[in-house]
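Q: Just a sequence and a predicted model for now, questions to come.
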Amino acid sequence: MKKIFAAVTALAMGAAGMAAAHDFGFAGVLSNTNKGEMPGITLALGKPLADGPITLNSGMVYELEIYADGSGELALEGSGFFRAIWINEVVVNGLEIRPFGLESVEFDEEGTMEIEFLAIKPGRYFLKIPGSNGESQRVDINIE
């Protein structure tokens with residue numbers, strides 16, 4: 001019995017040492033091979049949020065970069081879109097926030113925010129500046 005225990009312990013120690021020698025990184029949906037590209041959004045008075053609609057693939061990880069130029073207090077809302085994604089993190093000034101969900105974000109001054117998320121629910125969604133009705137103050141997002 002002692003010989004079996006010693007053999008199992010030696011195997012476990014060898015496997016642990018082998019795993020420590022390799023940097024495997026993330027697996028599955030957060031792996032580097034599962035990342036898609038997404039155009040950024042700019043918040044500026046009188047300027048379009050983005051060029052045309054954005055198409056994403058369900059099951060892919062994206063990073064949305066939102067830049068505000070400081071020309072006014074501007075927000076971005078889109079509860080349908082925020083409910084169709086799983087948010088991994090929101091980064092503001094190097095600070096990482098891991099929220100359960102979002103309804104909207106707001107910029108009181110110039111700055112950049114990055115939202116890393118997993119697109120989940122296929123459908124047609126939008127992000128827009130609250131209270132605006134102009135087509136350029138809204139960006140349509142399709143998750144396929």
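A: Thanks, I have the structure now. As the structure is a computational prediction, the values presented were derived from the model and not from experiment.
Q: show me the contacts for the residue minimising distance to the centre of the chain.
A: Residue closest to the mean C-alpha point of the chain, counted by Cα atoms, centre = their mean, is residue 116 at 1.6 Å. If you count contacts by Cβ atoms under 8 Å, 6 or more residues apart in numbering, residue 116 has them with 61, 62, 63, 64, 87, 88, 89, 90, 91. C-beta: built from backbone N, CA, C; applies to glycine.
Q: One more: residue 91?
A: Residue 91 touches 97, 113, 114, 115, 116, counting by Cβ under 8 Å, 6+ apart.
Q: Can you tell me which of those residues are buried?
A: The neighbour-count test (16 or more other Cβ atoms under 10 Å) marks 113, 115, 116 as buried among these.
Q: where does the last one land in three-state SS?
A: Per DSSP: H, G, I helix; E, B strand; the rest coil, the local secondary structure of residue 116 is strand.
Q: which stretches of the protein aren't confidently modelled?
A: Applying pLDDT under 70 to the chain flags the ranges 1-32.
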